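Student: Have a look at this prediction, sequence included:
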Amino acid sequence: PQATYLSDYRPPAYRVTHTDLTFDLDPGATRVKARLHLERHPEREAGEPLVLDGEGLVLKAIAVDGEPLEADEYAVGDSSLTVHRVPEAFLLDTEVEIAPEANTALEGLYLSNGMYCTQCEAEGFRRITYYPDRPDVMATFSTTVIGDDEREPVLLSNGNAAERGSLPGGRHFVTWQDPHPKPSYLFALVAGDLKKVEDDFTTMSGREVALQIWVEEENLDKTDHAMASLKRAMRWDEQAYGREYDLDLFMIVAVNDFNMGAMENKGLNIFNSAAVLTHSQTATDTAFQRVESIVAHEYFHNWSGNRVTCRDWFQLSLKEGFTVFRDQCFSADTNSPAVKRIEDVAFFRTAQFAEDAGPTAHPVRPDHYIEIGNFYTLTIYEKGAEVVRMLANLVGEEAFRRGSDRYFERFDGQAVTIEDFVECMAEASGLDLSQFMRWYSQAGTPEIDAFGEYDYAKCEYRLILRQRTPATPGQPHKLPLHIPIRLGLVGTKSGRDLPLTLDGEALGSDAVIHLCEAEQELVFTDVSEAPVPSLLRGFSAPVKLRFPYGREDLAFLLANDSDGFNRWEAGQRLAMLALDDLIAAHRNGVEKVMDSRVVEAFRGLLEGEPEDRAVLAEMLVLPSEAYIAEQQPLVDVDAIHAAREFMRQGLAASLRDDFLRVYRENQLDEPYAPTPEQIARRSLKNVALAYLMAIEDEEGMVLAREQFEADHNMTDVRHALTLLTHSSRDELSEPALKAFGERWAHDPLVMDQWFAIQVGRPQPDVLERVRFLMEHPAFSLKNPNKVRALIGTFVGQNRINFHRLDGEGYRLLTDTVIELDRLNPEIAARLIIPLTRWARFDEQRQALMKGELERIRAEKLSPNVYEVVEKALA
Ligand code: DPP
Ligand code: ZN
């Protein structure tokens with residue numbers, strides 16, 4: 001397979017001004033007629049051949065300006081169609097045949113549960129018809145869909161429905177007009193026996209918009225939350241960004257088989273059912289929150305992505321980073337901002353840092369790829385969002401809004417680059433952002449070493465900051481970045497933020513420092529008492545920051561920092577220091593001793609007045625095994641697990657009565673609602689229950705069983721079932737699992753949870769269970785949600801068993817990937833990632849992991865898996 005390079009970018013030779021499509025649907029032989037209005041691109045020379053993308057298409061007819069072409073006037077390749085000579089402006093008609101029922105890759109047009117649907121981003125449209133399938137070709141579309149009266153009563157595409165009618169033979173059609181020029185990746189078609197829930201929205205300028213969520217009939221009762229989220233998102237985008245919706249109709253469709261979470265097709269968002277359907281009995285609080293943020297994310301793309309799109313796929317983070325930032329801010333505004341930030345950062349620092357530290361590390365704007373499908377990554381999305389957040393913090397709220405207004409106005413209807421976006425921010429703020437651009441081109445996680453010293457005599461605090469970014473594949477040398485460091489100095493006597501004076505300038509008590517050099521020294525003057533520095537508040541930059549905090553300092557910050565995020569962070573750091581000791585003890589075979597300072601810090605949290613229960617719940621959770629692993633030079637899977645369990649049990653044993661009290665105090669009698677208040681109480685209660693279960697406390701065990709049987713809502717039921725299943729008490733968990741599995745056998749989204757719960761078991765028998773469940777009638781390798789629930793959860797969250805020393809965990813993953821690659825390369829390439837991180841483990845595991853990668857490499861592979869495996873073995 002060939003790589004594509006950013007530096008090779010050229011505008012297309014021909015652009016499409018209008019696209020007219022007709023689909024005559026049939027599972028095995030759908031006919032697609034396309035009439036493209038083409039013209040030469042003004043920047044390209046006359047006389048170039050027309051080369052269109054196309055994969056897996058059977059060409060049935062081709063004509064230019066109505067004249068059928070002779071066989072020697074065009075050529076059909078594996079992935080292209082070339083017309084040797086074309087005029088400056090012309091009509092191209094093609095007709096192709098495709099087979100949606102044979103499409104297991106879930107790109108292009110495919111069938112999901114008997115329903116036709118499409119996924120065109122990034123390069124799926126070329127599996128539908130011959131087309132310049134690249135985002136800088138933007139055209140208006142009209143789409144006629146012809147389907148069966150009975151099987152496909154509903155025929156949907158982008159834009160507004162302009163015409164409908166019946167046809168002979170029990171068929172009918174609908175024609176859709178989309179007046180907004182769009183790239184092919186935003187095309188969508190859905191056809192099937194769907195039911196809709198309807199609502200409406202009046203935009204800020206008074207335009208009426210019909211809102212529809214289309215689902216299978218049995219899911220009609222699971223759309224309320226998505227609809228309410230959509231309306232909140234529409235209002236929020238008007239208020240926060242001045243962006244209004246621009247069609248008469250906005251549709252969401254839920255499909256069961258979907259590679260991603262959801263897709264922002266113009267006016268017709270297609271969602272993985274897991275990202276849209278919720279009900280108190282079937283979805284957890286986390287799922288409710290995820291639905292809210294994904295509905296918002298896809299809606300926000302209407303401006304950041306659709307109206308202004310990407311010039312090429314190297315610019316993917318232009319729309320994704322910005323849109324993730326937008327959805328994060330939306331969720332923070334609608335829920336608890338501190339908790340949202342904590343959750344996002346906790347996830348980011350495990351998953352994205354791990355990506356940056358592995359062989360698939362890449363910049364937020366990569367400079368080459370083999371398969372763009374492999375670049376829908378945490379770096380492009382989440383690090384991209386962190387980069388936009390840094391920009392927002394550097395330029396300030398008002399300039400950021402002016403900059404974004406400028407961006408949307410200047411580039412409306414265009415396909416642009418990351419420079420265009422940053423340039424708007426630079427213009428709006430007057431800030432020089434040239435060094436900042438390195439965030440887009442340099443891969444890897446910057447590391448900052450900080451040292452501080454208080455001079456009592458001079459009342460000065462001297463802070464030294466040193467940055468370096470480790471080498472990543474293809475980038476041995478890194479340059480210093482422009483890093484915003486938000487900080488405060490917390491007085492050890494007063495417990496308050498001290499006023500900051502730097503170079504004679506008063507900065508308030510919370511300031512953003514621009515770290516631009518490899519090393520910078522800051523001298524704060526008029527510091528009236530010895531402080532503990534609170535650094536990188538709110539995680540103001542996606543970096544690893546080290547500071548030689550003592551445990552007392554951390555306990556102090558945990559109790560006194562005015563920044564909620566950094567209070568949580570202080571607790572995490574304190575726990576990490578104690579965990580490091582326990583890991584070392586485990587490795588050296590000496591007795592593990594619980595650090596009483598951690599116990600006392602937790603006691604303080606549990607016995608204090610909870611101002612924010614949601615934050616408190618987060619503070620009571622120890623760093624995850626994945627996060628601890630990220631902090632170790634060499635990952636010792638077993639020691640990490642043993643250390644963390646030891647600490648959980650130690651905390652539970654010392655604070656048992658507190659946990660029991662917190663559990664009882666946070667029981668709720670009210671009917672379920674996904675409100676921040678209720679969610680906070682449930683999290684707190686469930687964290688407490690998890691501690692009680694960590695020591696298999698008899699009373700805790702009874703509470704878990706009662707919570708499962710009370711059947712109040714899925715959050716509580718799932719949590720209780722998970723705790724029982726992960727305990728050693730199979731006599732309690734087996735009947736519960738059986739009852740749950742039978743009750744929900746008809747609901748695929750609940751069965752996903754049933755799979756995930758079981759494969760998270762720490763017991764060594766889990767591997768046999770994974771293999772056994774892969775044969776379960778509710779499991780299918782063709783359904784990405786099932787693969788993620790069963791294999792993804794096992795590999796990603798059951799670290800001790802995935803990394804078993806007999807290599808069985810690795811073998812299971814490899815067997816699955818090899819089989820899956822023949823069905824769905826995109827999902828296969830994602831699933832294999834944990835194996836690529838072999839360099840982080842001991843020699844024995846390294847050898848096993850590499851051996852499995854070699855075994856995959858020996859197969860005939862998709863470009864997706866090929867690219868990942870090659871990087872891993874390079
Ligand atoms: N569906 C993916 C997203 O919304 C790709 N655009 O991020
Ligand atoms: Zn997106």
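Tutor: Good, I have the coordinates. Ligands and ions are numbered 1, 2, ... in the order given.
Student: Please, where are all the helices along the stretch 201-350 of the chain?
Tutor: Along the stretch 201-350 of the chain, the segments classed as helices by DSSP state H, counting those that start in this stretch run 224-241, 285-300, 316-334, 337-356.
Student: could you redo those as a markdown table and give each row distance to F411, mean neighbour count and mean pLDDT?
Tutor: All C-beta spots, glycine's among them, are computed from the backbone N, C-alpha and C. Converted to a markdown table, the helices of the stretch 201-350 of the chain look like this (distance: least, C-beta to C-beta, whole Å; neighbours: other C-beta atoms under 10 Å; pLDDT from 0 to 100):
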| stretch | distance to F411 | mean neighbour count | mean pLDDT |
| --- | --- | --- | --- |
| helix 224-241 | 14 | 19 | 98 |
| helix 285-300 | 16 | 24 | 98 |
| helix 316-334 | 10 | 24 | 98 |
| helix 337-356 | 28 | 20 | 97 |
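Student: Can you redo these as TSV, where the extra columns are distance to ligand 2?
Tutor: Formatted as TSV, the helices of the stretch 201-350 of the chain follow (distance: least, C-beta to the ion, whole Å):
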stretch	distance to ligand 2
helix 224-241	13
helix 285-300	5
helix 316-334	5
helix 337-356	15
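Student: would a markdown table of these with distance to H712 be doable?
Tutor: Shown next, in a markdown table, are those (distance: least, C-beta to C-beta, whole Å):
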| stretch | distance to H712 |
| --- | --- |
| helix 224-241 | 17 |
| helix 285-300 | 12 |
| helix 316-334 | 24 |
| helix 337-356 | 22 |
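Student: how about CSV for those, with distance to ligand 1 added?
Tutor: Below are those laid out as CSV (distance: least, C-beta to the nearest ligand atom, whole Å):
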stretch, distance to ligand 1
helix 224-241, 13
helix 285-300, 5
helix 316-334, 5
helix 337-356, 15
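Student: quick one, which of these is nearest to F794?
Tutor: Closest approach to F794 among these is made by helix 337-356 (16.5 Å; C-beta to C-beta).
Student: any idea how far that closest one is from the chain center?
Tutor: 11 Å (C-alpha atoms, centre = their mean, to the nearest Å).
Student: quick check: angle from that helix to helix 285-300?
Tutor: 80 degrees (axes from the mean of the first three to the mean of the last three C-alpha atoms, to 10 degrees).
Student: what residues does helix 337-356 touch?
Tutor: Applying C-beta atoms under 8 Å, 6 or more residues apart in numbering, the set of residues contacting helix 337-356 from outside is 328, 331-332, 361, 377-379, 382-383, 386, 443-445, 472, 538-539, 542, 544, 564-565, 568, 612, 614-615, 618, 624, 626-627, 629-630, 680, 833, 837.
Student: Okay, and which of these map to helices?
Tutor: 328, 331-332, 378, 386, 564-565, 568, 614-615, 618, 626-627, 629-630, 680, 833 (DSSP state H).
Student: And the buried ones among those residues, selectable in ChimeraX?
Tutor: Buried members of the ones in helices among the contacts of helix 337-356, defined by 16 or more other C-beta atoms under 10 Å, are picked up in ChimeraX with:
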select :328,331,378,386,564,565,568,614,615,618,626,627,629,630,680,833
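Student: is it true that V766 touches N801?
Tutor: Yes - V766 lies in contact with N801 (C-beta atoms under 8 Å); the separation is 5.1 Å.
Student: Could you chop this protein up by domain?
Tutor: 1-98+132-186, 309-441, 447-541, 744-874 (automatic domain parsing).
Student: Reformat those domains as CSV; add distance to L689.
Tutor: Shown next, in CSV, are the domains of the chain (distance: least, C-beta to C-beta, whole Å):
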stretch, distance to L689
domain 1-98+132-186, 44
domain 309-441, 19
domain 447-541, 29
domain 744-874, 15
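Student: Of all those domains, which one comes closest to T223?
Tutor: In terms of C-beta to C-beta, the element of the domains of the chain nearest to T223 is domain 744-874, at 13.3 Å.
Student: Report the mean per-residue pLDDT for that closest one.
Tutor: For domain 744-874, mean pLDDT is 98.
Student: Please apply the same query to stretch 570-578.
Tutor: Stretch 570-578 comes out with an average pLDDT of 98.
Student: repeat for stretch 409-425
Tutor: On average, the pLDDT along stretch 409-425 is 98.
Student: end-to-end on it?
Tutor: With C-alpha to C-alpha, to the nearest Å applied, stretch 409-425 spans 13 Å between its terminal residues.
Student: circling back: what sits in contact with each of V766 and N801?
Tutor: F794.
Student: Among the two, which residue is more densely surrounded?
Tutor: Legend: neighbour count by other C-beta atoms under 10 Å for V766 and N801, higher for N801 (25 against 22).
Student: can you tell me which helix or strand L394 belongs to?
Tutor: helix 384-395 (DSSP states H and E).
Student: And for whichever helix or strand comes after that helix, what's in contact with it?
Tutor: The element immediately downstream of helix 384-395 (helix or strand, assigned by DSSP H and E) is helix 397-411. Contacts to helix 397-411, defined as C-beta under 8 Å, 6+ apart, come from residues 241-243, 303, 307-308, 391-392, 395, 420-421, 424-425, 427-431.
Student: what sits against the closest residue to G159 other than its chain neighbours?
Tutor: Distances taken as C-beta to C-beta, 6 or more residues apart in numbering place D178 nearest to G159, at 3.1 Å, with adjacent residues excluded. By C-beta under 8 Å, 6+ apart, D178 lies in contact with T140, F141, S142, T143, S157, N158, G159, N160, L247, K266, G267.
Student: Between those, identify the one with the most neighbours.
Tutor: Most surrounded of the contacts of D178: other C-beta under 10 Å gives S157, at 28 neighbours.
Student: Just confirm A63 is within a strand.
Tutor: Yes - A63 sits within a strand when classified using DSSP: H, G, I helix; E, B strand; the rest coil.
Student: what pLDDT does it get?
Tutor: 98.
Student: Spit out the contact partners of it.
Tutor: L69, L92, D93, T94.
Student: mind redoing it with 10 Å?
Tutor: R35, L69, L91, L92, D93, T94, E95 (C-beta atoms under 10 Å, 6 or more residues apart in numbering).
Student: which of the residues in stretch 354-371 are buried?
Tutor: Here stretch 354-371 shows 354-366, 369-371 as buried, counting by 16+ other C-beta under 10 Å.
Student: just stretch 421-437 next, same as before
Tutor: Using 16+ other C-beta under 10 Å as the test for burial, stretch 421-437 gives 421-429, 431, 433, 436-437.
Student: who touches R769 in this structure?
Tutor: Applying C-beta under 10 Å, 6+ apart, the residues contacting R769 are F755, Q758, V759, R761, Q763, L790, F794, N801.
Student: Quick one, which of those residues are buried?
Tutor: F755, Q758, V759, R761, L790, F794, N801.
Student: Just the ones of those residues in helices?
Tutor: F755, Q758, V759, F794, N801.
Student: Among the residues you listed, which one lies nearest to ligand 1?
Tutor: F755 (23.6 Å; C-beta to the nearest ligand atom).
Student: give the contact list for the closest one.
Tutor: Neighbouring residues of F755 by C-beta under 10 Å, 6+ apart: 741, 769-770, 773-774, 776, 778-779, 785-794.
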